[in-house]
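S.K.: Sequence first, predicted model second:
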Amino acid sequence: MRRAVRILIVAVALGGLVFLFVLPGRTWLEQGHAMSAAQHRLQVLDKENAALTQRAQQLQSPAYIEQIAREQYGLVMPGEQAYGILLPTATTTTTTTTTTLPPASSGRAR
């Protein structure tokens with residue numbers, strides 16, 4: 001009887017240790033992984049934010065806006081004339097050859 005009580009006390013003590021140390025340790029490790037993932041995401045977003053800030057600064061420049069208007073949209077300043085150069089269309093020549101096939105036999109193979 002005493003032996004059963006001792007085994008029960010040891011089992012309860014071990015269970016208590018598991019709840020006190022192992023489970024919080026596991027949570028701590030999961031939080032560490034989540035923290036490193038969040039830090040990586042923060043670094044990526046910081047880089048993207050810096051690039052967008054630089055782009056916003058570029059778009060404040062009248063010279064840059066003019067460059068975009070000319071290159072991407074084909075716009076010109078008042079008083080200027082725009083000229084477009086049309087390339088000749090490529091002509092392709094195709095030749096067709098006719099091949100004759102032997103007539104199909106209507107009989108059975110012998």
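M.R.: Perfect, I can see it now.

S.K.: Just name the shakiest helix or strand of this protein by mean pLDDT.
M.R.: Lowest by mean pLDDT, DSSP states H and E among the helices and strands of the chain is helix 2-17, with a mean of 84.

S.K.: For it, C-alpha coordinates in CSV please.
M.R.: In CSV, the C-alpha atoms belonging to helix 2-17 read as follows (Å, rounded to 0.1, in the frame of the first residue of the first chain):
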residue,chain,number,x,y,z
ARG,A,2,2.8,2.4,0.9
ARG,A,3,4.5,1.6,-2.3
ALA,A,4,1.5,2.5,-4.4
VAL,A,5,1.2,5.8,-2.5
ARG,A,6,4.9,6.5,-3.2
ILE,A,7,4.4,5.7,-6.9
LEU,A,8,1.4,7.9,-7.0
ILE,A,9,3.2,10.8,-5.3
VAL,A,10,6.2,10.5,-7.7
ALA,A,11,3.8,10.4,-10.8
VAL,A,12,2.0,13.5,-9.6
ALA,A,13,5.4,15.2,-8.9
LEU,A,14,6.6,14.3,-12.4
GLY,A,15,3.3,15.5,-13.9
GLY,A,16,3.7,18.8,-12.1
LEU,A,17,7.2,19.2,-13.3
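
S.K.: continuing past it, what's the next helix or strand?
M.R.: helix 23-58 (DSSP states H and E).

S.K.: next structured bit after that next one?
M.R.: helix 62-73.

S.K.: orientation of that next one relative to helix 23-58 in degrees?
M.R.: With axes from the mean of the first three to the mean of the last three C-alpha atoms, to 10 degrees defining the directions, helix 62-73 sits at 90 degrees from helix 23-58.

S.K.: pLDDT at the residue most central in space within the chain, what is it?
M.R.: Closest to where the C-alpha atoms of the chain average out (C-alpha atoms, centre = their mean) is residue 44, at 12.6 Å. Per-residue confidence (pLDDT) for residue 44: 98.
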